[in-house]
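Undergrad: no sequence for this one, just the structure:
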């Protein structure tokens, strides 16, 4: 019987039947994996399978292609540590929903696992996340996710001049940075590149405005590159938790 042990991050847990849960986990070595958990109606199990929690996971199945069964042990309750911080909790839920919707099952994404683990750790380190600076890390995480699934953004040098400084824009067509000089007459059609993603400082821009510029970029590429490529019906809606996070940030 196929089986393995690994560490993972809980993405979701949904009730199935009277005594079971179907749990979706991003594991370090086996990618996004779905399994069955028996007898979920215990306080320990329900608290363990909260979205974002870091866990030890054992999977076993009669056949490799079957869903199989999970045994799960809590390592760190990320959601419990930020339960009273609504914006951080929404970011965590958004992150999990993007992984659940966009990562194919059972493909190794170790780099994304490590980046996700690093970001969840950032959420619980209060002294390093004051004044919502941690949201910059969330935007960078989204860019990393896009890269991992085949839509890399090149924000290191200008696509027109090749220069590595004075970068000011991002092309919606190519996902490449463009300098102010290189943009020319096309500047109104380009996204502004915030400083925390490698752009030139924009005088007078607040932290939240800078973050929204970053989210504008990732939202566009999620919708117009990724979702259109996988959806024949041209439905380009992001998961609801991601939309709620963006709306919360815009209202800050």
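TA: Perfect, I can see it now. Owing to the predicted nature of the structure, the values given are computational and were not obtained by experimental measurement. Numbering: from 1, shown residues only.
Undergrad: correct me, but residue 190 touches residue 175?
TA: No. Using Cβ atoms under 8 Å, residue 190 is not in contact with residue 175; the gap is 11.3 Å. All C-beta spots, glycine's among them, are computed from the backbone N, C-alpha and C.
Undergrad: who has more neighbours, those two?
TA: Between residue 190 and residue 175, counted using other Cβ atoms under 10 Å, the more crowded position is residue 175 (21 against 17).
Undergrad: Check the gap between the more buried one and residue 226 for me.
TA: 11 Å (Cβ to Cβ, to the nearest Å).
Undergrad: next one: residue 102
TA: Taken as Cβ to Cβ, the span from residue 102 to residue 226 is 7 Å.
Undergrad: Mind listing the shared neighbours of these two?
TA: Contact criterion Cβ atoms under 8 Å, 6 or more residues apart in numbering; residues shared by residue 102 and residue 226: residue 149.
Undergrad: Could you identify the longest strand within this protein?
TA: Assignment by DSSP state E gives strand 3-16 as the longest strand of the chain.
Undergrad: Contacts for that strand next, please.
TA: 21-30, 32-33, 36-37, 40, 48-61, 72, 75, 96-97, 99-100, 113, 116-117, 120.
Undergrad: Can I have the buried ones of these as a ChimeraX selection?
TA: Of the contacts of strand 3-16, the buried ones go into a single ChimeraX selection, burial set by 16 or more other Cβ atoms under 10 Å:
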select :21,22,23,24,25,26,27,28,30,32,33,36,37,40,48,49,50,51,52,53,54,55,57,59,61,72,96,97,99,100,113,116,117,120
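Undergrad: what are the ranges of the strands in the stretch 101-250 of the chain?
TA: All strands of the stretch 101-250 of the chain, identified by DSSP state E, counting those that start in this stretch, fall at 167-170, 177-179, 191-192.
Undergrad: Packing partners of the longest one?
TA: Secondary-structure packing of strand 167-170 (3 or more Cβ pairs under 8 Å, 6 or more residues apart in numbering; DSSP states H and E): strand 177-179, helix 180-183, strand 191-192.
Undergrad: hmm, try it at 10 Å
TA: strand 177-179, helix 180-183, strand 191-192, helix 207-221 (3 or more Cβ pairs under 10 Å, 6 or more residues apart in numbering; DSSP states H and E).
Undergrad: for those, which one ends up most surrounded?
TA: Among the helices and strands packed on strand 167-170, strand 177-179 has the highest mean neighbour count (mean count of other Cβ atoms under 10 Å), at a mean of 24.
Undergrad: For it, which strands pair with it and how are they oriented?
TA: strand 167-170 (antiparallel) (DSSP bridges).
Undergrad: Run through who's touching the strand it pairs with.
TA: 153-160, 176-183, 186-195, 197-200, 202, 213-214, 216-217, 220-221 (Cβ atoms under 10 Å, 6 or more residues apart in numbering).
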